[in-house]
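Trainee: Here's my sequence, what's the structure:
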Amino acid sequence: MFFMWMIAGRSRWQALVVILCLLKLSSVSGQARYSIPEEQAEGSFVGNIARDLGLDVARLISGKARIITKGSRQYVDLNRDKGTLVIKEQIDREELCGKTTPCSFSFEVILENPIQLYRVTVEVIDINDNSPSFPKNEINLKIAENPLDNFKLEVQSQPDGGRFIEMVLQTPLDREKEETHTLVLIASDGGEPHRSGTVRIHITVLDANDNAPVCSQPVYKADVKENSPEGTLVTTVSANDADKGVNGEVTFSIPHIGKDAKQLFALNVKTGEIKVTGKLDFEKSKTYQLNVQASDHGGFTDTCKVIVQVIDENDNIPSIQLMSFSNSISEDSPPGTTIAVVNVDDEDSDGNGIVKCSINSDVPFKIESSLTGYYTIVTDNFLDRESVPDYNITITVSDQGSPPLTSSKNINVKVSDVNDNPPKFSQSEYSKTVPENNSPGFSVFALSARDADWGQNARVSYFLEEKEINGVAVSSLVSVNSENGVVHAVRSLDYEQIKWFEFNVTARDAGSPPLSSVATVRIIVQDQNDNPPQVLPQCSYMLTFIPRCLLK
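Mentor: All right, here's what the predicted structure looks like:
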């Protein structure tokens, strides 16, 4: 930016100062980085994120890729179908970063199934869209007629990168020859097209004042804690003037003060005390510079700098933001399976802003650090839904302040079932007695098998294994209800034809693939008195006592 002073008046002299500032940009690291000019229209192209991260567009779609930001505003949008980043909201570099340079913002791109996280940094390049401006339309100065210094311009730099110009008288002025001077200050920048602003300065020449006030020290340094209450004394500036009477009385002022500093500090014009009048926030600004001017009534001045260093306090509780979360995990998931990605942040600085993240130890999960400020929660062991169907995980984050501040977040993870348990009969063999001459369809008894799985995986069906018994199919003797396992006699049994028989019943679940188990069932036919006695032919007995009729 160029500053030009044009001085017009009876003295017919001019002064010109040109200041050129070159700013060196430092690189910001990240997995993907782009540079765009500010004020780009909505929908403007930022970059091909799929190509730059080595991802297929199909992966962006299947992984439900999305952008996550820490703040409430999202300047860039993701077009999953094309794999590109575009402007979502017009960006004003001055609003985003103020005087900070280089200016950039970061966000993350997250994909699921499996979870992947990438950091993207976008640098916003300044364009010449602002005209120089002065805080006032007119400036009135009073200068004594006989100072011996030369009239010159001095440029003062401030910690935030801003600059202000002091005009110092270098040659004597004669009030009797010329009582007033009018100057026009023009500030021009180096942009294309050039932009400029002007201010008119009126100088009134006063009678002689032999001594100027002198500040007690050129630079005052003061530390003040953030959140200090209003009225807190920051420091006191002082100045001495060797003159007597009115010309020796010194008052204090801050001719040029930024808008933010003006709302935070107040100067007592008589005592030089500087006090807090607003809420100091270390996270917004760490340092302020106040240029205090000591003036006497004769028009002489001296300037000192007051550098206020804001001291950080642990006044921000760490935050936890759940970026991605799977509230259900299969019980056959291997160790290392990601279930959640969290972002933790603390707006404090130094130790007050360093955080430690952990989870409760009574769960088969662990937390690992990924990108800065990001943590992943993964399985640390094998899971068994039949033993523990769900887990409550408490995420705790604490800073290193004194005392430390802590926050926590609870999540519940359900373990989804896989078909890893076969149905089980209460016993491997069963024995039941059935009286002969039973009616067809007679219910013998009910088999029951339990499956520890859930849902379809636990739905059990029963099947009779076919076999032959004395040349007869077992299915012609008994049947098994597939739904409830009840065994029925298909026909009337005859003890004189079959006294007992065995068969197998299979219990099979509805999982994929299905699991099964087998039980053996023995049916014992109970004799009934259903046959009358038969009269044998009359027998003669020999000495051997063997019935003769039985020998025929």
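Trainee: all contacts plus neighbour counts: C-alpha atoms, from now on.
Mentor: OK.
Trainee: Can you give me the neighbour number for the residue lying closest to Ser196 once chain neighbours are set aside?
Mentor: Once flanking residues are discounted, Ser196 sits nearest to Ser188: 4.2 Å by Cα to Cα, 6 or more residues apart in numbering. Other residues within reach of Ser188 by the criterion other Cα atoms under 10 Å amount to 19.
Trainee: For the residue positioned nearest the centre of the chain, pull up the helix or strand it's in.
Mentor: Centrality entry for the chain: nearest residue to the mean C-alpha point is Asn343, 3.3 Å, by Cα atoms, centre = their mean. When secondary structure is defined using DSSP states H and E, the element that contains Asn343 is strand 338-345.
Trainee: Please work out which residues outside that strand touch it.
Mentor: Residues outside strand 338-345 that contact it (Cα atoms under 8 Å, 6 or more residues apart in numbering) are 114-115, 318-327, 329, 353, 355, 357, 373-379, 397.
Trainee: Note down every partner strand of that strand and its orientation.
Mentor: Paired with strand 338-345 in the same sheet, following DSSP bridges, are strand 319-325 (antiparallel), strand 374-379 (antiparallel).
Trainee: Go through those strands and pick out the most buried.
Mentor: Among the strands paired with strand 338-345, judged by mean count of other Cα atoms under 10 Å, the one packed with the most neighbours on average is strand 374-379 (a mean of 20).
Trainee: moving C-terminal of it, what's the next helix or strand?
Mentor: Moving toward the C-terminus from strand 374-379, the next helix or strand (DSSP H and E) is strand 390-399.
Trainee: The helix or strand just after that next one: which residues count as buried?
Mentor: Following the chain from strand 390-399 toward its C-terminal end, the next helix or strand by DSSP H and E is strand 406-416. Of the residues in strand 406-416, those buried under the neighbour-count criterion (16 or more other Cα atoms under 10 Å) are Thr406, Val413, Lys414, Val415, Ser416.
Trainee: Stretch 184-193 too?
Mentor: Going by neighbour count (16+ other Cα under 10 Å), the buried part of stretch 184-193 is Leu185, Ile186, Ala187, Ser188, Asp189.
Trainee: what do you get for stretch 453-472?
Mentor: Asp453, Trp454, Asn457, Ala458, Arg459, Val460, Ser461, Tyr462, Phe463, Leu464, Ile469.
Trainee: now swap in stretch 517-528 and tell me
Mentor: Under 16+ other Cα under 10 Å, the buried positions of stretch 517-528 are Ser517, Val518, Ala519, Val521, Ile523, Ile524, Val525, Gln526.
Trainee: Would you convert those into a markdown table that also reports pLDDT and distance to Cys215?
Mentor: Compiled in a markdown table, these are given as follows (pLDDT from 0 to 100; distance: Cα to Cα, whole Å):
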| residue | pLDDT | distance to Cys215 |
| --- | --- | --- |
| Ser517 | 97 | 98 |
| Val518 | 97 | 102 |
| Ala519 | 97 | 104 |
| Val521 | 96 | 110 |
| Ile523 | 95 | 116 |
| Ile524 | 95 | 119 |
| Val525 | 94 | 122 |
| Gln526 | 94 | 124 |
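Trainee: can you redo those as JSON lines with secondary structure?
Mentor: Supplementary listing: the buried residues of stretch 517-528 in JSON lines, determined by DSSP: H, G, I helix; E, B strand; the rest coil:
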{"residue": "Ser517", "secondary structure": "strand"}
{"residue": "Val518", "secondary structure": "strand"}
{"residue": "Ala519", "secondary structure": "strand"}
{"residue": "Val521", "secondary structure": "strand"}
{"residue": "Ile523", "secondary structure": "strand"}
{"residue": "Ile524", "secondary structure": "strand"}
{"residue": "Val525", "secondary structure": "strand"}
{"residue": "Gln526", "secondary structure": "strand"}
